[in-house]
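S.K.: how would this look folded up:
(2 chains)
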Amino acid sequence: MLEKIASLWILASTINPAVTSDSVAAAASNVHAGPPWWVWPLALFIATIILGILAVLAGVGGGVLYVPLVSSFFPFHLDFVRGAGLLVALSGALAAGPGLLRKNLANLRLTLPLALIASTCSIIGAFIGLAAPTWIVQTALGLTIMFIAVLFIVSKNTEYPEVKGSDPLAEKLKIEGSYREESTGKIINWRVSRTPAGMLFFILIGLLAGAFGLGAGWANVPVLNLLMGAPLKVAVGTSKFLLSITDTSAAWIYLNQGCIIPLIAVPSIVGIMLGSFIGVKILAVTKPSIVRYIVIGMLFFAGVRALLKGLGIWG
Amino acid sequence: MEKMEKRDLQIAPEQIKYANILFYGSWLGILILGVFFLLYVSGIISPFVPSSVIPNYWGMNVHDYNQHLNLPVGWGWLGMIMYGDYLNFLGIAFLALLTIIGYLILIPYYLKSKDVAYATIAGLEIIILLLAASGILRVGGH
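M.R.: Just a heads-up that it's a prediction; the model follows:
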């Protein structure tokens, strides 16, 4: 063991003089006294599989469950949880994107202007989140998560919102599209209105996504559907695809700051994706409404836990 | 909302092209991530920071974590990919670069169809993403 560390030290000093390994060698002599190192990544992998299943059954993104629950019940600092949370949301969005784009359920003309605003603001959000004291971020995260839980209860999305006509900006940008409704085989044409107001909301959405490392589907869908009038399926599809762009910019900030620990991030990404595949299979034989209430309960609990943790009352 | 009985669905060619890039890219990225992680945790490729000591530090904020272990920030990881832990960053960076590649493909389509607004939006997005990826933007400690 000591030989291995010594050889690592020599190699690191030789190859990259900017990075001295004294501290790593010193750290290596200070082996963790708790459970073996692999216990937490394994527990995280199992937990994220369950989160992935629940997320699919409840119709929410994995990131919104991941950050509050993992930061509340695992020993990792919020900085690393947010970094991993962004990668979880990013990889899920990248994997789902192609299918959504090919079916026109995610639309480039709708996505691009909103993504530019959200991704720019997510960089600012990431800086705010990383520069602010942890207790403030944790407290704000708790409040945000509880707000999301309330939003899930009160928000009643509309399958086909009535849009009398496009607003001037949407008309100028030619934001419109069509998709095939699989249940009827009909082609549904759609357009949007209140585009400038929608863009203002995406400033806030980007800030929150970057600051808390959350996938922001919970906010994207109501804005696209209820405010701008996109059909629900287009709102859900475009929201998921949007995350691949919004979270990319914030993920780079977290990556460059050193907020990615592979032992935390990789089991989370694989676990959530595996859980999502299993969740899709279970979806056919379960009652999603019950799961939805369980998830809302979990969000409330995680929100309260994060809030109390931030305020130094619990944990 | 208009419902029509039309059979054909018009999807912009640039959207299909973008979808294809994401499809092959994301699965390749996840495969790379999985393989490199196995090489790392199995010990086939030794890490820079031994896995057994990371639990001592992962409860610290990122500033203290980097300082205690004297780890690189920005693109410093690229010079350390001979270590198992830093090798994983290749897969992560590949996934995070996919969107930039997709946007680079979009611009010629928009320019060809004289869609100046969307060519500009795509160009600005690339600048934003490259700025985020560059590591020029830095955050102070907590």
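S.K.: before we move on, which element is the residue most central in space within chain A in?
M.R.: In chain A, the C-alpha nearest the mean C-alpha coordinate belongs to residue A:215, at 2.2 Å (Cα atoms, centre = their mean). In the assignment (DSSP states H and E), residue A:215 maps to no helix and no strand.
S.K.: what separates it from chain B, distance-wise?
M.R.: Counting by Cβ to the nearest Cβ, to the nearest Å, the gap between residue A:215 and chain B amounts to 14 Å. Placement of C-beta: from N, CA and C, glycine included.
S.K.: repeat for residue A:91
M.R.: Distance, residue A:91 to chain B, using Cβ to the nearest Cβ: 6 Å.
S.K.: From what I see, the residue nearest to the centre of chain A and residue A:55 are in contact.
M.R.: No: because the distance of 9.7 Å does not satisfy Cβ atoms under 8 Å, residue A:215 is recorded as not touching residue A:55.
S.K.: all helices of the chain, in order?
M.R.: Picking chain A for this. Counting by DSSP state H, one finds helices in chain A at the ranges A:2-15, A:22-28, A:39-58, A:62-73, A:78-102, A:108-131, A:134-154, A:168-172, A:195-212, A:217-222, A:232-257, A:262-283, A:288-310.
S.K.: think we crossed wires, I meant chain B
M.R.: Counting by DSSP H, the helices of chain B are B:13-41, B:62-69, B:84-112, B:116-134.
S.K.: List the buried residues for the third one?
M.R.: For helix B:84-112, burial by neighbour count (16 or more other Cβ atoms under 10 Å in any protein chain shown) applies to B:84-100, B:102-103, B:106-107, B:109-110.
S.K.: Those also near chain A: which ones?
M.R.: B:85, B:88-89, B:92-93, B:95-96, B:98-100, B:106 (Cβ under 8 Å from any Cβ of the partner chain).
S.K.: Pick out the residue closest to the middle of chain B.
M.R.: Within chain B, one residue has its C-alpha closest to the average C-alpha position: by Cα atoms, centre = their mean, that is residue B:96, at 0.8 Å.
S.K.: Residue numbers of the stretch 201-315 of chain A in contact with chain B?
M.R.: The stretch 201-315 of chain A has residues A:231, A:244-245, A:248-253, A:255-266, A:269-270, A:273 near chain B, with proximity defined as Cβ under 8 Å from any Cβ.
S.K.: one more time with 7 Å, if that's ok
M.R.: If contact is defined as Cβ under 7 Å from any Cβ of the partner chain, the residues of the stretch 201-315 of chain A in contact with chain B are A:231, A:244-245, A:248-249, A:251-253, A:255-264, A:266, A:269-270.
S.K.: now chain A, which segments are flagged as low pLDDT?
M.R.: A:1-33, A:59, A:284, A:286-288, A:315 (pLDDT under 70).
S.K.: give the contact list for residue A:90.
M.R.: The contact partners of residue A:90, taken as Cβ atoms under 7 Å, 6 or more residues apart in numbering or on different chains, are A:243-244, A:247-248, A:251, B:95.
S.K.: ok, so of the residues you listed, who is nearest residue A:209?
M.R.: Sorting the contacts of residue A:90 by distance to residue A:209 puts residue A:247 at the head of the list, at 6.6 Å, by Cβ to Cβ.
S.K.: That closest one and residue A:87 touch, don't they?
M.R.: No: if you go by Cβ atoms under 7 Å, residue A:247 and residue A:87 don't touch, sitting 8.0 Å apart.
S.K.: So which of these two has more stuff around it?
M.R.: Neighbours per residue (other Cβ atoms under 10 Å in any protein chain shown) separate residue A:247 from residue A:87, with residue A:247 holding more: 33 against 29.
S.K.: so how far is residue A:262 from the nearest residue in space to the more buried one that is not next to it in sequence?
M.R.: Closest residue to residue A:247 apart from its sequence neighbours, by Cβ to Cβ, 6 or more residues apart in numbering or on different chains: residue A:90 at 4.2 Å. To residue A:262, residue A:90 is 15 Å away according to Cβ to Cβ, to the nearest Å.
S.K.: Next: residue A:48.
M.R.: Residue A:48 sits 14 Å away from residue A:262, going by Cβ to Cβ.
S.K.: Ok, residue A:205 next?
M.R.: Between residue A:205 and residue A:262 the distance, using Cβ to Cβ, works out to 28 Å.
S.K.: For residue A:143, list the residues it contacts.
M.R.: Neighbour list for residue A:143: residue A:307 [criterion: Cβ under 7 Å, 6+ apart].
S.K.: surely residue A:241 meets residue A:93?
M.R.: Yes: proximity of residue A:241 to residue A:93 meets the contact threshold set by Cβ under 7 Å, at 6.5 Å.
S.K.: Please list all residues in contact with the residue nearest to the centre of chain B.
M.R.: So, once contact is read as Cβ under 7 Å, 6+ apart, residue B:96 ends up touching A:248, A:251-252, A:255, B:133.
S.K.: ok, of these, which one's closest to residue B:19?
M.R.: Out of the contacts of residue B:96, the member with the shortest distance to residue B:19 (by Cβ to Cβ) is residue A:248, at 16.4 Å.
S.K.: State the number of residues packed around the closest one.
M.R.: Here the number of neighbours of residue A:248 (other Cβ under 10 Å) works out to 28.
S.K.: Contact partners for it?
M.R.: Shown in contact with residue A:248 (Cβ under 7 Å, 6+ apart): A:90, A:119, B:96, B:99, B:129.
S.K.: now, among the contacts of residue B:96, which is nearest to residue B:117?
M.R.: residue A:248 (21.8 Å).
S.K.: what residues does the stretch 51-200 of chain A put near chain B?
M.R.: Applying Cβ under 7 Å from any Cβ, we find that the stretch 51-200 of chain A lies next to chain B at A:75-77, A:79-80, A:87, A:90-91, A:94-95, A:97-98, A:101-102, A:104, A:108, A:112-113, A:115-116, A:119-120, A:123, A:127, A:130-131, A:133-134, A:160, A:162-163, A:173, A:178-180, A:186-190.
S.K.: I'd like to know which of these are buried.
M.R.: For those, burial is judged from neighbour counts taken by 16+ other Cβ under 10 Å, and it is met by A:76-77, A:79-80, A:87, A:90-91, A:94-95, A:97-98, A:101-102, A:104, A:108, A:112-113, A:115-116, A:119-120, A:123, A:127, A:130, A:134, A:160, A:163, A:173, A:178-180, A:186-188, A:190.
S.K.: Where does the prediction get shaky in chain B?
M.R.: Per-residue confidence for chain B (pLDDT under 70) gives these ranges: B:1-8, B:139-142.
S.K.: So which of the helices of chain A is nearest residue B:59?
M.R.: The closest approach between residue B:59 and any of these, judged by Cβ to Cβ, belongs to helix A:78-102 at 9.2 Å.
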